[in-house]
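**Q** sharing a sequence plus its predicted fold:
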Amino acid sequence: MSDDMLVHFSSNSSNQSDQSLPTKIAKLEARMVGKASSTAAQQPGWSSVPSTGKFGGAAEDLAEACSSSDSDDDNGEEFLIQANTQKRLKLQEDDNSNVFEHLEVMTDGRQTSSEPVEIKISNDVNRKKHGRGRGNSGSGRGRGSRSNDQTRTQIPPTTALTSNGQTDLYHKDGRLKDQLRNDNFSSLEEEVASLRAKVVALEEDLRKSKQETSEYQNLCRQLEKELKDLTDQEQQMKPKRTKIISDLLISVSKAERQEARLKVRQDSLRLGNVGVIRAGTVLSETWEDGQALKDLNAQLRQLIETKEAIERQRKLFKKKQSDKGDTTDAEAGLPEDVLIHDEIYKSRLASIKREEEVILRERDRYELEKGRLIREMKRIRDEDGSRFNNFQILHHRYALLNLLGKGGFSEVYKAFDLVEHRYVACKLHGLNPQWSEEKKQSYMRHAIREYNIHKSLVHHHIVRLWDIFEIDQNTFCTVLEYCSGKDLDAVLKATPILPEKEARVILVQIFQGLIYMNKRTQKIIHYDLKPGNVLFDELGIAKVTDFGLSKIVEDDVGSQGMELTSQGAGTYWYLPPECFELSKTPYISSKVDVWSAGILFYQMLFGRRPFGHDQTQERILREDTIIKARKVDFPTRPAVSNEAKDFIRRCLTYNQIERPDVLTIAQDPYLTYSKK
Ligand SMILES: Nc1ncnc2c1ncn2[C@@H]1O[C@H](COP(=O)(O)OP(=O)(O)OP(=O)(O)O)[C@@H](O)[C@H]1O
């Protein structure tokens, strides 16, 4: 309702003093309220709020509802109502009370609510304006916003009472806004609903995750328990398993021992045995050939006798021919017969020679077998005499099996590492209890030095040293990589000459080990390269071992090498001339190992060592054999390539200064393989 109209109404009512006017206004207002209710009933969302309750409710509720209205037009309406009411109150003052009572009856209780509304509205205009844009802030405002909207939509019908064009527009505009608000509201509601759905879904996910977590935790606890049980079981089983493994190993080793002894007995019958002979009170051991060797020797003797008899006859026949030189043709026989006779003797002798060669070859073979038999007999005897022969477990992990061999001060046993589950070689170093404390200390120092050098060497062509430990006051053990093949010494005893191809590949492997030893920061000179110190593993890979005499090359060593302070008892056939220098302290370098490798290669190719082959160690020293070894000679057989001979010459260069060292000879074409 516009102000003009209000003025019109109010002026009319005052000027005309129409008694029915208050009644009219009251009726109109009553209708307005009634219309508002009916209009509100048509508005979406209105139905949820009981109009009477709302208006008849607490003043705060209504005030709150009004205060959160967003529209300036709404304020105008409120002022309109206020002005109208004020006008009505003014009229009431002039009017009689009957009319007012009538109005009260007409409004049917609404009047009681309309007055507080008016008061509240006028009081809360500022608050409403302030509240604009604050959304749901303030106590309880958020929830009340819907009722605010309802209140706002209640008001336009009041304005609709005026029914001119301006008010209609306003009305439409208000409805549009309401519509928009409703749209916003429903989209917000949708959003809230979808968010709620999401929350529900997330809560469900969370619940499932919690359930899964607790299930996993249970599983984890179960698995941990199982693991613990298994570990406990494993711990309980471990000694049992170890016992089973070592029992099996012991049975196998026992069977091997039996087999070895049986074979020795059988071979002894064929090849011979050690007998004891007594000369007065002195007992000494001597070798007695076995039946096979006896038979071969008998055959040889027989052949030699036959050969000698034929040669005798032949000589006799020739003599007869020359004695009968002047006699008649009839007595002397035909010259053709003489020739035939001679041919018969000759062919008989040739055949005997062939037979003899066969028997000699056979005997050589038997001799090799005899050598093996003698070594095996010695090994068995050493094993039987060893204090470690009853399958002890050393250091709680190394199960000793059978003796591999005995060296100067050590016994080497095949053993099984019960922790790493692999075969190893346990070298048991025994200190002679008769030795002085000083000598024992010196031996220990030497062994620890060897251990420290050897353990740092990790290479495919060097036997690994795994461990060292003390057994008792006079014994300690080093644990080495087990090489199940023979050593090169045993190989050369069985087949003294190797084809050049085979010898070369062994040489190359030895040099690979040596090159490694010379490329390290701490260079090592082996100083004891010999066939017994080259072992073969189960695949036939050659590996250098025994670092008992090896030397660490000092950092500040000059080009001529380092001083040889402790000579050591290297094997003289394999040591170079500078090591025999007695007049002054010799200087040594990796060139020592180059010389030894050259000797080894020569021996593999020709079946003998180039210098002092048939001499004893003592004779080599006495006769200065190596000091005189200025030039190397090669036999005509077997045929060996010139490249191989040249390589040997380079290794066996007498003058140490001119001889190549390990890293120089490593470049030699003879040591490099390339596909042609
Ligand atoms: N790692 C190993 N694997 C297999 N067999 C080995 C191993 N080390 C040594 N042997 C064998 O054990 C035996 C004795 O070895 P050891 O080195 O004690 O003897 P040696 O070299 O003859 O003596 P010394 O060391 O006094 O010169 C040899 O037959 C050797 O082949």
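**A** Good, I have the coordinates. Residues are numbered from 1 along each chain as shown.
**Q** now the most centrally placed residue in the chain: how far from the ligand?
**A** In the chain, the residue lying closest to the centroid (Cα atoms, centre = their mean) is Glu420, at 16.0 Å. Distance from Glu420 to the ligand, counting by Cβ to the nearest ligand atom, to the nearest Å: 15 Å. All C-beta atoms are positioned from the backbone trio N, CA, C, and that covers glycine.
**Q** try Trp287
**A** Taken as Cβ to the nearest ligand atom, the spacing of Trp287 relative to the ligand amounts to 21 Å.
**Q** backbone dihedrals for that residue, both of them.
**A** Backbone dihedrals for Trp287, given as degrees, to the nearest 10, come out at phi -90, psi 130.
**Q** would you map the strands across the protein?
**A** Under the criterion DSSP state E, strands of the chain are mapped to 272-279, 282-289, 393-394, 398-406, 410-417, 422-430, 465-472, 475-481, 524-525, 534-536, 542-544, 551-552, 562-563, 587-588.
**Q** quick one: pLDDT of the residue nearest to the centre of the chain?
**A** Among the per-residue scores, Glu420 shows a pLDDT of 96.
**Q** who are the contact partners of whichever residue of the stretch 101-250 of the chain sits closest to the ligand?
**A** Ranked by Cβ to the nearest ligand atom, the top residue of the stretch 101-250 of the chain for proximity to the ligand is Leu249, at 16.2 Å. The neighbours of Leu249, taking Cβ atoms under 8 Å, 6 or more residues apart in numbering as the test, are 391, 399, 401, 416.
**Q** and for Pro577?
**A** Applying Cβ under 8 Å, 6+ apart, one finds that Pro577 lies in contact with 626-627, 629, 654, 656.
**Q** now pLDDT too, for those residues, in JSON lines please.
**A** Formatted as JSON lines, the entries for the contacts of Pro577 read as follows, by pLDDT from 0 to 100:
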{"residue": "Ile626", "pLDDT": "95"}
{"residue": "Ile627", "pLDDT": "94"}
{"residue": "Ala629", "pLDDT": "95"}
{"residue": "Tyr654", "pLDDT": "97"}
{"residue": "Gln656", "pLDDT": "93"}
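**Q** what's the closest of these to Ser322?
**A** Proximity to Ser322 was ranked across these by Cβ to Cβ; first place goes to Ala629, at 53.0 Å.
**Q** what parts of the stretch 451-600 of the chain come near the ligand?
**A** 463, 480-483, 487, 532, 535, 545-546 (Cβ under 6 Å from any ligand atom).
**Q** and which of those residues is nearest to Ser253?
**A** Within those, distances to Ser253 taken as Cβ to Cβ reach their minimum at Tyr482, with 13.7 Å.
**Q** number of nearby residues for Tyr654?
**A** Tyr654 has 17 neighbours, counted by other Cβ atoms under 10 Å.
**Q** kindly report the same for Gly272.
**A** When neighbours are defined as other Cβ under 10 Å, Gly272 has 22 of them.
**Q** can you name the residues bridging to it?
**A** Beta bridges link Gly272 to Asp289, judged by DSSP bridges.
**Q** list the contacts of Ile541.
**A** 460-461, 509.
**Q** of those residues, grab the buried ones for ChimeraX.
**A** Selection of buried members from those for ChimeraX, criterion 16 or more other Cβ atoms under 10 Å:
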select :461,509
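**Q** coming back round to it: the strands of the chain into CSV, with extra columns for distance to Cys579?
**A** Formatted as CSV, the entries for those read as follows, by distance: least, Cβ to Cβ, whole Å:
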stretch, distance to Cys579
strand 272-279, 36
strand 282-289, 35
strand 393-394, 37
strand 398-406, 26
strand 410-417, 24
strand 422-430, 25
strand 465-472, 25
strand 475-481, 26
strand 524-525, 11
strand 534-536, 20
strand 542-544, 19
strand 551-552, 11
strand 562-563, 12
strand 587-588, 7
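**Q** which of those strands comes out lowest on mean pLDDT?
**A** Note on these: lowest mean pLDDT is at strand 562-563, with a mean of 56.
**Q** quick one, what contacts Asn432?
**A** Shown here is Asn432, whose contacts under the criterion Cβ under 8 Å, 6+ apart are 409, 474.
**Q** hmm, who's touching stretch 490-505?
**A** Contacts of stretch 490-505 with the rest of the structure, by Cβ under 8 Å, 6+ apart, involve 368, 371-372, 375, 486, 506, 531, 536, 601, 603-608, 638, 640-641, 644, 670.
**Q** any buried residues in that stretch, and which?
**A** Judged by neighbour count using 16+ other Cβ under 10 Å, the buried positions of stretch 490-505 are 490-492, 497-498, 500, 503-504.
**Q** for PyMOL, write the selection for the buried entries among the contacts of stretch 490-505.
**A** A single PyMOL command selects the buried members of these (16+ other Cβ under 10 Å):
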select buried, resi 506+531+536+601+603+604+605+606+607+640+644+670
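**Q** can you list the domains in the chain?
**A** In terms of domains, the chain is parsed into 276-321+339-385, 393-481, 487-671 (source: the TED database).
**Q** and Lys198, which of those is closest to it?
**A** Proximity to Lys198, assessed across those by Cβ to Cβ, is greatest for domain 393-481 (59.0 Å).
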